[in-house]
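*Asks:* have a look; sequence and predicted model below, questions after that.
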Amino acid sequence: MIKHALRVYADTSVFGGIGDSEYEQASRTFFDQVRNARFELVTSAVVQNEIESAPDQVRELFDEMLAGGEMVPVSEQALQLQKAYLESKIVTPQWAADALHVALATVSQCAVIVSWNFRHIVHFKKIPLYNAVNTVNGYTEIAIHSPLEVIGYEE
């Protein structure tokens, strides 16, 4: 039986997590597992733009991971889905970039989006709302988790 890597969108916070003592270990483990083909990494131009002002180690990791990952463009479909999230008041326009990350992951058919953003993305009240909007707009539901929840642990 051929096992395919899980298609996972990583937002900016996961890359930035390597520079944060609270999130560093899980972020590094996540990227190690991308390198080992447990996950198929998907990211976007939005992440690339947000990382431009990040510390060198974060930008270097992004460049390294992008070599083996997929960069999805900001498409009209993603912008329409982002607009639907905003109209549903899942997040306010001030946090439109967070909604765009979820929209990009959804439109690019990722199974999961990973994020350390517990306020606007990985939040128990928001996840069902994102998925309800996805369903109404003809998309599948997406799993939304922190890297800590998706990384594999040695048994």
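*Replies:* Received it, and whenever you're ready, just let me know what you need.
*Asks:* Glu40 falls within a strand, correct?
*Replies:* Yes: counting by DSSP: H, G, I helix; E, B strand; the rest coil, Glu40 is found in a strand.
*Asks:* ok, it touching Glu70?
*Replies:* Yes: Glu40 lies in contact with Glu70 (Cβ atoms under 8 Å); the separation is 7.4 Å. For every residue, glycine as well, the C-beta is placed using N, CA and C.
*Asks:* didn't Val74 look like it was pressed against Ala45?
*Replies:* Yes: using Cβ under 8 Å, Val74 is in contact with Ala45, at 5.8 Å.
*Asks:* so which of Glu40 and Glu70 has more stuff around it?
*Replies:* With neighbours defined as other Cβ atoms under 10 Å, Glu40 and Glu70 compare such that Glu40 has more, 17 against 14.
*Asks:* measure that one to Glu76 for me?
*Replies:* Separation of Glu40 from Glu76 (Cβ to Cβ, to the nearest Å): 24 Å.
*Asks:* what are the buried residues along stretch 117-129?
*Replies:* Within stretch 117-129, the residues scored as buried using 16 or more other Cβ atoms under 10 Å are Asn117, His120, Ile121, Val122, His123, Lys126, Ile127.
*Asks:* which pLDDT value belongs to the first one?
*Replies:* Per-residue pLDDT puts Asn117 at 97.
*Asks:* so what's it up against?
*Replies:* Counting by Cβ atoms under 8 Å, 6 or more residues apart in numbering, Asn117 touches Asp11, Ser13, Asp98.
*Asks:* same list, the residues you listed, but as TSV with distance to Ser146 and pLDDT please.
*Replies:* Shown next, in TSV, are the contacts of Asn117 (distance: Cβ to Cβ, whole Å; pLDDT from 0 to 100):
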residue	distance to Ser146	pLDDT
Asp11	11	98
Ser13	9	98
Asp98	14	98
